[in-house]
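Asker: need a 3D model of the following:
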Amino acid sequence: MEPKQLDPKHSAELLKHLDKQNEFLQDSYKLMFTELQKLQVEEEMLMRKLYEAMSPCGLAKLTSMWRMSKKEQAK
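Answerer: Numbering: from 1, shown residues only. Below you'll find the predicted structure:
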């Protein structure tokens, strides 16, 4: 099978189509990159809030466990 030759009559049309597709892909890339950055910032903020929420719980548990162990040692 021989590859078909590009018809010169349609080369300008094809070039226009490829340019439009390239522009569309570049715009899509920019939009996705921007959205990814927003999501990364949101993730970081949520992780900080989770850490802030979990820190007191963890400290409270450790403090109560420490107090219990001190009471048991005192007996």
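Asker: how many residues are close by H17?
Answerer: H17 has 11 neighbours, counted by other Cβ atoms under 10 Å. (Each C-beta comes from the backbone N, C-alpha and C, glycine too.)
Asker: that one and Q26: what is the separation?
Answerer: Noted for H17: a distance of 15 Å to Q26, by Cβ to Cβ, to the nearest Å.
Asker: mind listing what H17 touches?
Answerer: Taking Cβ atoms under 8 Å, 6 or more residues apart in numbering, we find H17 in contact with no residue.
Asker: in what helix or strand does E13 lie?
Answerer: For E13, the enclosing helix or strand under DSSP states H and E is helix 8-74.
Asker: for L36, give its distance to D7.
Answerer: Shown here: L36 relative to D7, a distance of 41 Å by Cβ to Cβ.
Asker: per-residue pLDDT, L18?
Answerer: With respect to pLDDT, L18 has a value of 94.
Asker: run through the chain and note the low-pLDDT ranges.
Answerer: Applying pLDDT under 70 to the chain flags the ranges 1-6, 57-66, 70-75.
Asker: repeat that with 90
Answerer: Scanning the chain for pLDDT under 90 picks out the ranges 1-14, 47-75.
Asker: report how many residues lie close to P8.
Answerer: 7.
Asker: do K16 as well
Answerer: Applying other Cβ under 10 Å, we find 10 residues neighbouring K16.
Asker: cool, and R48?
Answerer: With other Cβ under 10 Å as criterion, R48 counts 10.
Asker: now it: how far from D27?
Answerer: Using Cβ to Cβ, R48 is found at 32 Å from D27.
Asker: likewise for K38?
Answerer: For K38, the distance to D27 equals 17 Å [Cβ to Cβ].
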